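Trainee: sharing a model prediction with you, sequence too.
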Amino acid sequence: GAVVSQHPSWVICKSGTSVKIECRSLDFQATTMFWYRQFPKQSLMLMATSNEGSKATYEQGVEKDKFLINHASLTLSTLTVTSAHPEDSSFYICSARGILGANEKLFFGSGTQLSVL
Amino acid sequence: DAKTTQPNSMESNEEEPVHLPCNHSTISGTDYIHWYRQLPSQGPEYVIHGLTSNVNNRMASLAIAEDRKSSTLILHRATLRDAAVYYCILRAHNNDMRFGAGTRLTVKP
């Protein structure tokens, strides 16, 4: 089956630094990728939707200047957490879909645990 | 967006069937019903999806009510590895997918 690779699995960084998370679709072209954030014991919260070659659409309350999303190709999307602070510590998950729309399963990355000291 | 309602938690004994309910009374005619599950510290994993007819795959079965306002995910023989949070989600034509709280399934040996 299709696979979405997310890297890194975990990262620890100092407050004020930036962290980049990569999400790759390994055997299909992902026209749309979604980025989620999940705090402990909570559900996934949709942060943004990105379509290849266009600007990402951010959910209300998500700062687009802080969470930079780039979807430059049909197989790669990146999320950069800029000037990270301890409150940005969370589990970040990406997912990708192809061209078939709602009658198609989404594939998820394995997640990235970000810890900001 | 159409919402789903699931019990917060359920328990099952190992090797017994599990029926996980989901209510979606505001579902629209073009919404697909998707189920995903999430094991601790992992990304969600696809389980099954359907539109109107019941669906079976190697992981589970999906029973969809005739009026489509509810559905049930059926695990035929629960194993310890099935312990996870199960999410019932409606996917619309615009294709974004928003998660509710889900049902935390505990499987007892």
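Mentor: Perfect, thanks for sending it.
Trainee: so how far is stretch B:84-94 from its chain's centroid?
Mentor: 8 Å (C-alpha atoms, centre = their mean, to the nearest Å).
Trainee: just for chain A, where's the confidence low?
Mentor: A:1-2, A:99-103 (pLDDT under 70).
Trainee: might you name the residue of it sitting closest to chain B?
Mentor: At 3.6 Å from chain B, residue A:108 is the closest residue in chain A, using C-beta to the nearest C-beta. All C-beta atoms are positioned from the backbone trio N, CA, C, and that covers glycine.
Trainee: let's verify the closest residue in space to that residue that isn't next to it in sequence: helix, strand, or coil?
Mentor: Nearest residue to residue A:108, sequence neighbours excluded (C-beta to C-beta, 6 or more residues apart in numbering or on different chains): residue B:43, at 3.6 Å. What DSSP: H, G, I helix; E, B strand; the rest coil gives for residue B:43 is coil.
Trainee: for residue B:43, which residues are in contact?
Mentor: By C-beta atoms under 8 Å, 6 or more residues apart in numbering or on different chains, residue B:43 lies in contact with A:4, A:6, A:93, A:95, A:108-111.
Trainee: go on, residue B:69?
Mentor: By C-beta under 8 Å, 6+ apart, the neighbours of residue B:69 are B:23-25, B:27.
Trainee: per-residue pLDDT, the closest residue to chain A within chain B?
Mentor: Of all residues in chain B, the one sitting closest to chain A is residue B:43 (3.6 Å; C-beta to the nearest C-beta). For residue B:43, the pLDDT comes out at 95.
Trainee: can you show me the helices along chain B?
Mentor: Secondary structure of chain B (DSSP state H): no helices located.
Trainee: for residue A:86, what are phi and psi?
Mentor: The phi/psi pair for residue A:86 (degrees, to the nearest 10) reads phi -50, psi -30.
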